[in-house]
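> Build me a model from this:
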Amino acid sequence: MRGNGAHEQRGVGRHRAATRQNPLSSPLKSLAEAISRLKSADSRKLMAVTGLVGALGAATVGGVAASAGAPDNQVTLQSASRAEAAQAATRSLDRAAISAVTPVEAAAPKAAPQAQPKAAAPKAAPKAAPKAAPKVAPKAKPKAAAKPKAAPQPVLRPVAGLDMTQMRNAQAIVQAGQQLGLPKRAYVAAIACAMQESQLYNLASTVYAESYNYTNQGEGSDHDSVGLFQQRPTSGWGTVRDLMQPKYAATQFYKALDNVQGWQDMPLTLAIQEVQVSAFPYHYAKHETRAQQVVDALTR
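I've put the predicted structure just below:
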């Protein structure tokens, strides 16, 4: 019975061993596939894998031999350990295969990142053109002091029995005295002299035909005397042309009168005589009153 029982037990064990799938069959298949992937790998990695396969095969043979005489539970534990070892080896082979297939890619140094072009430095803002200095308005030239307006001339009206021609000649005599800055008594003396010499008319001379070429109000024949004051060109009073101008003739009279020392205190007729040197020195006195009226009318 024992022998039969042992035989039966061994028969049963062999049957179970024969029917139980080898736990290393699946890792070995994986290992074979990894080896096929390593065909193109380099020799050193292939040698490493071959050694690993040999070790795995030895372990497998030993495991099979051990499992033949071991109890089922021990066989099961040992098979599980060997299966885990085979799977670990398979994973190592897979990793080796992967690294063998793409060694260049793994070892290739990463390309240095291309330096991004530096951002262009912001252009400096164009300098603002310097502001032009504000134009300074030219200083206004000081206005010249306004000349004092001449005193309005009184309306010219004949007085003292004179006509307008005589009155205009008297006005020219007064204006010449004013320009020289002489007092009114000098104007009275000049008009009284012209009343006696020419009756206040600008006379040409029969001696000088030239005298008729100028404005005149009649003629005289007393030697070579011309004009309002009957002045003689031959005595140095001036040219015929000049002496026929009432203002010029009056100015010549005033200059001679002003050279008479103390003329302001002399009787009017004597002061005039010092200038004219007339044969009738007292005839000028009779015109003094009328001459004063004319001056008053022209200087109001």
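> Please tell me I have it right and residue 170 contacts residue 202.
No. Contact criterion CB atoms under 8 Å: residue 170 and residue 202 do not qualify, at 11.6 Å. The C-beta positions use only the backbone N, C-alpha and C, and glycine is treated the same way.
> Those two: which is more packed in?
residue 170 (29 against 26; other CB atoms under 10 Å).
> Skipping adjacent residues, who's closest to that one in space?
residue 294 (5.0 Å; CB to CB, 6 or more residues apart in numbering).
> Remind me what whatever helix or strand that neighbour lives in packs against, helices and strands.
Per DSSP states H and E, residue 294 falls inside helix 288-298. Judged by 3 or more CB pairs under 8 Å, 6 or more residues apart in numbering; DSSP states H and E, the packing partners of helix 288-298 are helix 164-180, helix 184-198.
> so of the ones you listed, which one's packed in deepest?
Most buried of the helices and strands packed on helix 288-298 by mean neighbour count (mean count of other CB atoms under 10 Å) is helix 184-198; its value is a mean of 24.
> Could you spell out the sheet neighbours of the helix or strand just after that helix, each with its direction?
Next in sequence after helix 184-198, counting helices and strands by DSSP H and E, comes strand 204-205. If you go by DSSP bridges, strand 204-205 pairs up with strand 219-220 (parallel).
> what's the average pLDDT for the partner strand?
Mean pLDDT, strand 219-220: 93.
> For that strand, give me every contacting residue.
198, 203, 204, 205, 206, 212, 226, 230 (CB atoms under 8 Å, 6 or more residues apart in numbering).
> Give me the distance between the fourth one and residue 250.
Spatial separation of residue 205 from residue 250 under the definition CB to CB, to the nearest Å is 18 Å.
> picking that back up, how many neighbours does the residue nearest to residue 170 have?
Applying other CB under 10 Å, I find that residue 294 has 27 neighbouring residues.
> and what of residue 295?
25.
> That one is in contact with residue 188, isn't it?
Yes. Counting by CB under 8 Å, residue 295 does reach residue 188; the two are 5.3 Å apart.
> Residue ranges in the protein under the pLDDT threshold?
Residue ranges of the chain with pLDDT under 70: 1-146, 148, 150-154.
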